[in-house]
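Quick one: sequence plus predicted model below, questions after.
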Amino acid sequence: MKSVLLSLIAIVMVIGVQAQPESGKVFIGGDIGIYSVNQKFKDDGTITDEDSYTNLTFLPKAGYFLSERLAVGIQTGISSTVFNYPDDNPDKNSTTLFVFKPFGRYYFTNGTGGVFAEATLGVGAGKSRVFFDSGTVETNETSLSIDIGPGVYYYITPAIALESKFGLIGFVTSIEKDGGQKLVENEIIFNVFPSGISFGISFIL
């Protein structure tokens, strides 16, 4: 069994009205991410597809600088995750959540470039679907997440800045309900792998 990373596209865009963090200013932007992993099995030269995982996110963001070092805001949008199991039953499991994420960002430096930390509190609600040979089972799902991670930024011109966020530490609780049944999952996250790294560019108006 061999895991193959097919693609990672994570874009974090912040469109602001200033050349650097400045009190009283507003910024807008968002996250667009695609992360996919596919497992393949090779036997005597024959390669077959095995399990795969794909995550898609679209999360617009708006924020406000309380000071030159502190910003707060709200991020909201859709997150979709799909697991495929070609040789199993069920052969597919998908979850789509509408996400609401208040966030706070602290800039350790203020100027052309520097380091920041961003903390978020995420609430998600949506549907989970499991695809069996005999039919589809649909359940309601909610989630609560708390995480914090570091980032860096650098203005290559007064109007354009490069930005990267890498890794995060957090906690996620997921609740899945099907009639009178309830499944609760708790997960501690320490992510320094490719899915926890994002690169982006900021356009300052």
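Looks like it arrived, so ask away. Numbering: from 1, shown residues only.

Could you list the low-pLDDT ranges of the chain?
When the per-residue scores of the chain are filtered using pLDDT under 70, the ranges that remain are 1-21, 39-49, 88-89, 158-161, 191-205.

Report the buried residues of the strand ranked longest in it.
Secondary structure assigned by DSSP state E gives strand 135-157 as the longest strand of the chain. For strand 135-157, the neighbour count (16 or more other Cβ atoms under 10 Å) marks T139, E141, S143, S145, D147, G149, G151, Y153, Y155 as buried. The way it works is simple: take the backbone N, C-alpha and C, and place the C-beta from them, glycine included.

now, which of those sits nearest F131?
T139 (12.7 Å; Cβ to Cβ).

what sits opposite that closest one in the beta ladder?
Listed beta-bridge partners, T139: S128 (assigned using DSSP bridges).

Can you verify my assumption that it contacts S94?
No - in this structure, T139 sits apart from S94 without contact. The criterion is Cβ atoms under 8 Å, and the distance is 11.5 Å.

ranges for the helices of the protein?
Counting by DSSP state H, the chain forms no helices at all.

which residues touch the residue nearest the centre of it?
Here the mean C-alpha position of the chain is nearest to the C-alpha of T57 (Cα atoms, centre = their mean), at a distance of 6.1 Å. Each residue near T57 by Cβ atoms under 8 Å, 6 or more residues apart in numbering is listed here: D31, I32, G33, G77, I78, S79, S80.

Quick check on those: which are buried?
With neighbours counted by 16+ other Cβ under 10 Å, the contacts of T57 contain buried members at D31, I32, G33, G77, S79.

Between all of those, which two are separated the most?
Spatial extent of these (Cβ to Cβ) is set by the pair I32 and S79 at 11.4 Å.

Quickly list what's touching both of those two.
The overlap between the contact sets of I32 and S79 (Cβ under 8 Å, 6+ apart) consists of T57, L59.

about what we covered before: excluding chain neighbours, what is closest to the residue nearest to the centre of the chain?
In this structure, T57 finds its nearest non-sequential neighbour in G33, 4.3 Å apart by Cβ to Cβ, 6 or more residues apart in numbering.

ok, that neighbour touching G77?
No - with contacts counted by Cβ under 8 Å, G33 stays clear of G77, the gap being 10.5 Å.

what's the neighbour count on the closest residue in space to D87 that isn't next to it in sequence?
In space, not counting the residues next to it along the chain, D87 is nearest to E50; the distance is 7.5 Å by Cβ to Cβ, 6+ apart. Residues contacting E50 under the criterion other Cβ atoms under 10 Å number 18.

and what of N38?
17.

From T95, how far out is it?
Separation of N38 from T95 (Cβ to Cβ, to the nearest Å) stands at 19 Å.

Strands of this structure, residue ranges please.
Listed in chain order, the strands of the chain (DSSP E) span 2-16, 26-43, 46-65, 70-84, 92-107, 113-132, 135-157, 160-166, 168-178, 181-191, 197-203.

list the helices and strands the fourth one packs on?
Going back to what we said before, that points to strand 70-84. Helices and strands in packing contact with strand 70-84 are listed as strand 26-43, strand 46-65, strand 92-107; criterion 3 or more Cβ pairs under 8 Å, 6 or more residues apart in numbering; DSSP states H and E.
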